[in-house]
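**Q** I need the structure of the sequence given here:
(chains A and B)
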There are 2 protein chains.
Amino acid sequence: MINQEFKDMIQAPSVIRALAGYANRRGKEIGYENVFDYSLGNPSVPVPEELTKTMIELLNTKDSAYLHGYSPNPGNPMSREVTADHLNRVFGMDYTMDHIFMTSGAAGAVAHALRCVTKPGDEVLTFAPYFPEYNPYVNKTGAILKVVPADTTSFQINFDAFEEMLNPNVQAVLINTPNNPSGIVYSTETIQKLASILESKQKEYGHDIFIISDEPYREIVFAGVDAPYVSKFYDNTLSCYSYSKSMSIPGERLGYVAVNPRATDANLIVPMCCQISRGTGHNCPASLIQIAVAKCIDLTSDLSVYETNMNLIYNELVDLGFEVVKPGGTFYIFPKALEDDAVAFSEKAKKYDLILVPSDSFGVKGYFRMAYCIDTEKVERSLVALREFVKKEYGR
Amino acid sequence: MINQEFKDMIQAPSVIRALAGYANRRGKEIGYENVFDYSLGNPSVPVPEELTKTMIELLNTKDSAYLHGYSPNPGNPMSREVTADHLNRVFGMDYTMDHIFMTSGAAGAVAHALRCVTKPGDEVLTFAPYFPEYNPYVNKTGAILKVVPADTTSFQINFDAFEEMLNPNVQAVLINTPNNPSGIVYSTETIQKLASILESKQKEYGHDIFIISDEPYREIVFAGVDAPYVSKFYDNTLSCYSYSKSMSIPGERLGYVAVNPRATDANLIVPMCCQISRGTGHNCPASLIQIAVAKCIDLTSDLSVYETNMNLIYNELVDLGFEVVKPGGTFYIFPKALEDDAVAFSEKAKKYDLILVPSDSFGVKGYFRMAYCIDTEKVERSLVALREFVKKEYGR
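**A** Presented below is the predicted three-dimensional model:
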């Protein structure tokens, strides 16, 4: 029989997707270039040229069984080895390939990591504002996502609320830095404090509490900002990565879980991930892209446009009197709306063809997200519309 | 805390994988060319040349956002449209793109199809001999796989046993034709009888019973064999396909679910699959390969070598007095072992560097599987070893 639970889920479409759909329909009326679509986090910059060249060269020179044959369950061994080596060089870690499990993007990485360290009924804590897909990611494992309210002054962690919510049923904490939607990078101080609380709670509860660190924006960090590598600060960390943003290949679905070598059962986590895949039907990311990315592991797309866009938008928002915390990375900014009801605010913005995502689904009320992974020229034009919107609707 | 269930699963490695591992180790001693490795179903023939050319041309000429950007949740629209059109032309169906959900191989397809039409506690029936991965595929959804004993005279369906096992808790029947491991293709008569029993049981139980038809070997069918398209015979059919075997791209993880347009809630199944993906972390197969395969949809690799190999092996087995049903497709053959204990039989075969998979994990005792997706030259040499093995160990 048709599964009623999934059937019911169809009725609750994502706010972000709905706005993106509106932007596309509006684009058909007035030209998409005239819709200031800040809805989706879809990278706008091209892939590294070298990655395209590498794929062409592989296709021209290598045997098709090598390029397109089955990868072993945990991923292409060369790819895993190169990944471990890269992380060791960049972050001073000591991974071996046995700590690397290749996945279908960060979504696949988080799906595996969660199943490794929780069981149905367990609690997983995350911090608002948070990526709304964490709800199905966590809840569909059978574990339960609970959201720690935001510290809206800094969008670092609200530790008072966190400590109140910690209890022996919490088996994992899911964090995302640099953060979608706030654009904030957790400071060393924040991560140290988080680690220290969890260390002490592990002792108190007599069981592991894992940090699942969702890091797809790790490489998009702006000038002067320090982005600490979470796993350096806490042994029971599973780092979940995706090349979607750093190499602009979200459609290729490539990422990994990197298991801290000092985590509990560190050498069993990757074999466990292989078992988890058998049940989710998720066996390995695609092979050609695994090989090609491994050969270009130290490259990223030219990510500088995101900082250019951020500065333009941030300065304009400040000029217009918005309350906004300056992003340290990503391609998101998360200002306070000009009225309490962010949905109403976003609805009014549509009149100016500004597509702004209200913050409610991110676990905070009264804010909005702009995904500025669009052309700078369009950002500049959008600011004219933003000024008009603010003036006409809010008299500023 | 570490999930004990997945940790325990590591301890029970697949027999097939274990034999493949042995074959590789033995290959390092005597040269892999001297190991007659019939363990793994890893396609040996190259991908269609046109597919490689198409990928190179796409990479040379198309915008990287088009090639590597996010696909919509159900897959690339062009890919879905072309797939529907292909199936309509080849099998006389009337799919639209709304009935096609792109997946990571047949594993991903079956994972989605199962979750669409079962809920935890439901029963799913399959027919021995069957692909052992059906155990985690089904049981990790929370449903329960039950195996109908084999009809070992023909390896069609044992209908008496099937009818005995049917009960109101059965929500889906998982079939695989052409079949791994038997190589048998279900006849029109078999599929008609299966459909007719299920039609009547749907009425009797007052609920749908879906056929989940796992069809990765659909294009590998030998001369004179008719391979009926299951969905033509039964409305509540979800066809699960993979390009792994037909285009020799198992590592690229590309397949789909095709929903019979007359199935219950036919237009909801694909949107439901999109919801299921959110929980399994499985969002979409890789983008470049989706586009490239769509442009080559009517092509396959040169699959003729599998029939050549089958005939060589089948004739030799018959000559040697093995009981064996002639395969109608795939690259598998499933003869009766020369002693009751197939594990002992396979163990003895190792002395002759013949890697044969005992049938126990396929749900039948006393048989063995040979995956003859290897070079014909090696097949020929292996038959010398096979004759020696049979003569020395069994005096034939």
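**Q** do a quick rundown of the strands in the stretch 51-200 of chain A.
**A** If DSSP state E, counting those that start in this stretch is used as the criterion, the strands of the stretch 51-200 of chain A fall at A:100-103, A:123-127, A:144-148, A:170-176.
**Q** got TSV for these, with mean neighbour count too?
**A** In this view, the C-beta of every residue, glycine as well, is placed from N, C-alpha and C. Shown next, in TSV, are the strands of the stretch 51-200 of chain A (neighbours: other CB atoms under 10 Å in any protein chain shown):
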stretch	mean neighbour count
strand A:100-103	30
strand A:123-127	23
strand A:144-148	18
strand A:170-176	24
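**Q** make a markdown table from those strands and add distance to residue A:182 to it.
**A** Output for these, formatted as a markdown table (distance: least, CB to CB, whole Å):
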| stretch | distance to residue A:182 |
| --- | --- |
| strand A:100-103 | 25 |
| strand A:123-127 | 10 |
| strand A:144-148 | 14 |
| strand A:170-176 | 9 |
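**Q** the ones you listed into TSV, with extra columns for mean pLDDT and distance to chain B?
**A** As requested, the strands of the stretch 51-200 of chain A are exported to TSV (pLDDT from 0 to 100; distance: least, CB to the nearest CB, whole Å):
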stretch	mean pLDDT	distance to chain B
strand A:100-103	98	7
strand A:123-127	98	12
strand A:144-148	98	12
strand A:170-176	98	5
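**Q** between those strands, which one is closest to residue A:31.
**A** strand A:170-176 (34.4 Å; CB to CB).
**Q** taking strand A:123-127 as reference, get the angle to that closest one.
**A** For the pair strand A:170-176 and strand A:123-127, the angle between their directions (axes from the mean of the first three to the mean of the last three CA atoms, to 10 degrees) equals 30 degrees.
**Q** now the terminal residues of stretch A:292-302, how far apart.
**A** Across its full length, stretch A:292-302 reaches 18 Å between end residues, using CA to CA, to the nearest Å.
**Q** so which bits of that stretch are buried?
**A** When burial is assessed from 16 or more other CB atoms under 10 Å in any protein chain shown, stretch A:292-302 yields the following buried residues: A:292-297, A:300-301.
**Q** format those as JSON lines; extra columns: pLDDT, secondary structure and distance to chain B.
**A** Listed next are these as JSON lines, based on pLDDT from 0 to 100; DSSP: H, G, I helix; E, B strand; the rest coil; distance: CB to the nearest CB, whole Å:
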{"residue": "A:292", "pLDDT": "98", "secondary structure": "helix", "distance to chain B": "10"}
{"residue": "A:293", "pLDDT": "98", "secondary structure": "helix", "distance to chain B": "11"}
{"residue": "A:294", "pLDDT": "98", "secondary structure": "helix", "distance to chain B": "14"}
{"residue": "A:295", "pLDDT": "98", "secondary structure": "helix", "distance to chain B": "15"}
{"residue": "A:296", "pLDDT": "98", "secondary structure": "coil", "distance to chain B": "13"}
{"residue": "A:297", "pLDDT": "97", "secondary structure": "coil", "distance to chain B": "17"}
{"residue": "A:300", "pLDDT": "96", "secondary structure": "coil", "distance to chain B": "13"}
{"residue": "A:301", "pLDDT": "96", "secondary structure": "coil", "distance to chain B": "9"}
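**Q** among these, list the two that are farthest apart in space.
**A** Distances among those were taken as CB to CB; the most separated pair is A:294 and A:301, at 16.8 Å.
**Q** chain B contacts on the stretch 251-396 of chain A?
**A** Within the stretch 251-396 of chain A, the positions lying close to chain B (CB under 8 Å from any CB of the partner chain) are A:251-254, A:264-265, A:268-269, A:271-272, A:274-276, A:278-289.
**Q** take these and keep only those in strands.
**A** Members of these lying in strands (criterion: DSSP state E): none.
**Q** show me the contacts for residue A:138.
**A** Shown here is residue A:138, whose contacts under the criterion CB atoms under 8 Å, 6 or more residues apart in numbering or on different chains are A:114, A:124, A:126, A:144-145, A:174.
**Q** if I pick residue A:141, what's in contact with it?
**A** For residue A:141, the contact set (CB under 8 Å, 6+ apart) comprises A:111, A:114-115, A:118, A:120, B:279.
**Q** need the per-residue pLDDT for the most centrally placed residue in chain A.
**A** For chain A, the residue sitting closest to the mean C-alpha position, by CA atoms, centre = their mean, is residue A:216 at 4.8 Å. Here, the pLDDT recorded for residue A:216 equals 97.
**Q** what do you get for the one 4 residues further on?
**A** You'll see residue A:220 listed with a pLDDT of 97.
**Q** the one 10 residues further on too?
**A** At residue A:230, the predicted lDDT confidence score is 98.
**Q** I figured it hits residue A:188, correct?
**A** No: Residue A:230 is beyond contact range of residue A:188, at 10.4 Å (criterion: CB atoms under 8 Å).
**Q** now do the SS call for the nearest residue to residue A:239 once chain neighbours are set aside.
**A** Here the nearest residue to residue A:239 in space, its sequence neighbours aside, is residue A:258; by CB to CB, 6 or more residues apart in numbering or on different chains that works out to 4.3 Å. The local conformation at residue A:258, judged by DSSP: H, G, I helix; E, B strand; the rest coil, is strand.
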